[in-house]
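Q: Sequence and predicted structure are below.
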Amino acid sequence: MMKREFFLIGLVVLFSGCYMATGNRTMDKTLAFDLVKKAIMLSDTVYFDLYTGNYRILKNPALPTLERENLIRVNRGRVIGGAPYVSVVGLGLKDVVSTSPTDSTEKRLRLANKVLSITGITQDEENGFPAASVGYRIEYKDISRLALFQSEDFLAATGTARFQYKNGKWVRIHISR
């Protein structure tokens, strides 16, 4: 009776080991999306930390444009007691994500949303292991006018990520932009 139980347990272990060893050696679009997103995108949203209590903010060339569009208000007088040099007002308030609990002059602004798309998958072999090159494109949508605070251009970016299947999982080898 005991021998038969051990034999059955051994068969289960053997078959589950074979199943896990075969794994997913081909890359589909969903898997490619997940791997590329994990490898290159820290977040789906681009943020900017605005320190409104720092006088250097007054040197930002975007201030006149943003003030004209009723997104910010600039305090050009003397600032006393930690009052902000720049306040986000009007239409700009929708892009304020959070304010620091310890410093009311620190604002986190949402500048844009990133959208990742997979443009193509080419599978081959490298050093005897399955490999895949994944073409991707990152576009920026819903770009805030407050993005003028930052010098990033928010143009679409394309690139290729290379992965290799080793030890039962896909491993990143190289990413080019």
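A: Great, that's in hand. Residues are numbered from 1 along each chain as shown.
Q: Show me what whichever strand or helix holds Ala161 is in contact with.
A: Secondary-structure element containing Ala161, defined by DSSP states H and E: strand 157-166. Residues external to strand 157-166 that are found in contact with it (Cβ atoms under 8 Å, 6 or more residues apart in numbering): 23, 25, 27, 35-36, 39-40, 119, 126-127, 129-138, 170-177. In this view, the C-beta of every residue, glycine as well, is placed from N, C-alpha and C.
Q: Following it in sequence, what is the next regular element?
A: Using DSSP H and E, the helix or strand that follows strand 157-166 in sequence is strand 169-176.
Q: Can you list the buried residues in that next one?
A: By neighbour count, with 16 or more other Cβ atoms under 10 Å as the criterion, the buried positions of strand 169-176 are Trp170.
Q: before we move on, back to that, helices - which of the contacts of strand 157-166 land there?
A: The helices in this structure, assigned by DSSP state H, contain Leu35, Val36, Ala39, Ile40 from these.
Q: can you put these in CSV and add pLDDT and distance to Ala161?
A: Written out in CSV, the entries for the ones in helices among the contacts of strand 157-166 read as follows (pLDDT from 0 to 100; distance: Cβ to Cβ, whole Å):
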residue, pLDDT, distance to Ala161
Leu35, 94, 7
Val36, 95, 5
Ala39, 92, 6
Ile40, 90, 7
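Q: Helix, strand, or coil at the spatially closest residue to Asp103 that is not a sequence neighbour?
A: With Cβ to Cβ, 6 or more residues apart in numbering as the measure, Gly53 is the residue that lies nearest to Asp103, at 7.3 Å, once sequence neighbours are left out. When the structure is split into helix, strand and coil by DSSP: H, G, I helix; E, B strand; the rest coil, Gly53 lands in coil.
Q: picking up where we left off before, could I get the ones in helices among the contacts of strand 157-166 as TSV with neighbour count?
A: As requested, those are arranged in TSV below (neighbours: other Cβ atoms under 10 Å):
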residue	neighbour count
Leu35	21
Val36	23
Ala39	13
Ile40	17
